[in-house]
Structure formats: C-alpha cells, structure tokens
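A.B. asks: Output the structure for:
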Amino acid sequence: MSFSAVMPLPIARLMIVSAALAVALAAAAMLPREYRAAMLGQRGPAAQVEQVLTGPHTGPVHPALSLRGQRAQLEACDRALRGPFAALQTDDRRALLARRCADLAGAILARAPTLGLAHLVRAEAALARADPAGFSQAITLAQRTAPGEGWLAARRLDLALPVWADLSEKARGAVGADAALLIAAPRYRGAMAQRWHTDPPIRPVLVSVAETLPPVAQRAFLHAVKGAGEGAGR
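C.D. replies: Next up is the predicted model:
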C-alpha cells in the first residue's frame, strides 16, 4: 500500500513543507548564538572579557550548539580568566566572570561530559573563586578526559603547580601525569627544562615525576635541564 493511498497527497505535501519550515526556523534561531560565539573567538582579550560579562546576570547561560562555537566560547573564558585583563577587573567583575564561565562550562558539559577544555575552564573558575576543593575536582576531571593532549596538559600544569600544596591526592596524581607527559614529550621537554630554572619551587615536583619515567626519558630531561642552564648562563 502506497503512502498516498493512506494520506491524500496535498496533506502529505503540507506536512513535508511544515516540517521543512520548522527546521528552517530552528536553524535561523540558532544563527545569532553561533555567530556570537564565532565572533567571540576572533576578538581581542579585552573585548572577550566584555562579551563574557555582558548579558543577563541571572538565568541560564546559553552555549553555542556546534562544537566549534563551544570551543570558541571556552577559549575566550580561558583567556579571560587567566589573562592580564582579568587581573585588571574589580572583585565584583572577576567574581561575575568566574561564575558566568563556570555556568557556561557546566552547560556544555551537560551535553559533552568528556570535553577536557570545559573541565579546564571549570577549574579556572574555581581557582578564581578561591575554591580549592572545586579546583582539585575539576582539574582531575580535566586530566582524565584529555590525558594525551599536551597543550591542555601544559595549561593544567600552569594552573596547578602554584597551588600544589592545596591539591587533593587525586589531583596531585592527575597533575603528576600531566608533568610526566610533558617531560617525556620532545615537543614540551625544553619548556619544562626552562621551568626548572625559572620556577625553583616546583623542582621537587618535577624530580618526583621524573623518577617515575623510564631511564631514557630521565636522561633526556636531565640533558635538557643542563642545556637550558648553559644557554641561560647559569
């Protein structure tokens, strides 16, 4: 039995047109949000801070619907929370910035719970709010959901090492895994060797992590540390 025999052709066509119109209207409704997210990723740090802060201060934060748009929003929050423009904000504006970015990351994680960048932004927001327990939880999840992404590991390490004493045991294990990844990877080993010289308080952490690596990786890191010291005249 054909479809036209069950339903008259004019009605079937009307239903198809109505469905197509509904899809078109939904897509049109999404466009402003996606455009706003795309433009956010192209703006300078100061403009990004202002855009994150604009909008209603109560109610839900609406993330972009595409992964590309969500990443643009999260990258903007990442730069806004840890950049110099964030430090120039008043306490109230910094608190609002942290809350809005945490809400944005939470809304994105409700759809994509394994997006490591969103967990990183949550960690940054917790750090901005002076919430050590929240930071430890978020930084642990950030590492677990993106354990092999060196650029994210480097960001996590930058956040976590200054507050190492306040980290939970799970968070220390996660950050230690990030440090091991960066020390062992030729692409990042030089930067870690530079940090040995520029940030002496983290040396005990780097030593404890390096001791867990295979001998070949240990020797490579030691060579990089010596080379960085000689290059700087130390």
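A.B. asks: How is the chain divided into domains?
C.D. replies: Listed domain ranges for the chain are 31-147, 176-234 (source: automatic domain parsing).
A.B. asks: The ones you listed: which one's closest to residue 153?
C.D. replies: Nearest of the domains of the chain to residue 153, taken as Cβ to Cβ: domain 176-234 at 4.0 Å. The C-beta positions use only the backbone N, C-alpha and C, and glycine is treated the same way.
A.B. asks: any weak-confidence spans in this protein?
C.D. replies: Applying pLDDT under 70 to the chain flags the ranges 1-60, 231-234.
A.B. asks: in it, which spans are helices?
C.D. replies: Secondary structure of the chain by DSSP state H: the helices cover 3-6, 9-42, 45-53, 67-82, 84-87, 91-111, 116-128, 132-145, 150-160, 169-184, 186-198, 203-210, 215-231.
A.B. asks: most packed of those?
C.D. replies: helix 116-128 (a mean of 26; mean count of other Cβ atoms under 10 Å).
A.B. asks: Which strands and helices lie in contact with that one?
C.D. replies: Judged by 3 or more Cβ pairs under 8 Å, 6 or more residues apart in numbering; DSSP states H and E, helix 116-128 is in contact with helix 67-82, helix 91-111, helix 132-145, helix 150-160.
A.B. asks: To residue 209, which of the ones you listed lies closest?
C.D. replies: Nearest to residue 209, of all the helices and strands packed on helix 116-128, is helix 150-160, at 10.3 Å by Cβ to Cβ.
A.B. asks: which outside residues touch that closest one?
C.D. replies: 78, 82, 116-117, 120, 123-124, 127, 135, 139, 142-143, 146-147, 167, 171, 174-175, 178-179, 181-182, 185, 187-188, 191 (Cβ atoms under 8 Å, 6 or more residues apart in numbering).
A.B. asks: Then stretch 211-224?
C.D. replies: For stretch 211-224, the external contacting residues (Cβ under 8 Å, 6+ apart) are 176, 180, 183, 184, 186, 189, 190, 192, 193, 210.
A.B. asks: that older thread, is it possible to get JSON lines of the domains of the chain that adds distance to residue 160?
C.D. replies: Below are those laid out as JSON lines (distance: least, Cβ to Cβ, whole Å):
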{"stretch": "domain 31-147", "distance to residue 160": "6"}
{"stretch": "domain 176-234", "distance to residue 160": "8"}
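A.B. asks: export the helices of the chain to JSON lines and tack on distance to residue 61?
C.D. replies: Shown next, in JSON lines, are these (distance: least, Cβ to Cβ, whole Å):
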{"stretch": "helix 3-6", "distance to residue 61": "44"}
{"stretch": "helix 9-42", "distance to residue 61": "11"}
{"stretch": "helix 45-53", "distance to residue 61": "10"}
{"stretch": "helix 67-82", "distance to residue 61": "9"}
{"stretch": "helix 84-87", "distance to residue 61": "18"}
{"stretch": "helix 91-111", "distance to residue 61": "4"}
{"stretch": "helix 116-128", "distance to residue 61": "12"}
{"stretch": "helix 132-145", "distance to residue 61": "17"}
{"stretch": "helix 150-160", "distance to residue 61": "22"}
{"stretch": "helix 169-184", "distance to residue 61": "26"}
{"stretch": "helix 186-198", "distance to residue 61": "33"}
{"stretch": "helix 203-210", "distance to residue 61": "35"}
{"stretch": "helix 215-231", "distance to residue 61": "42"}
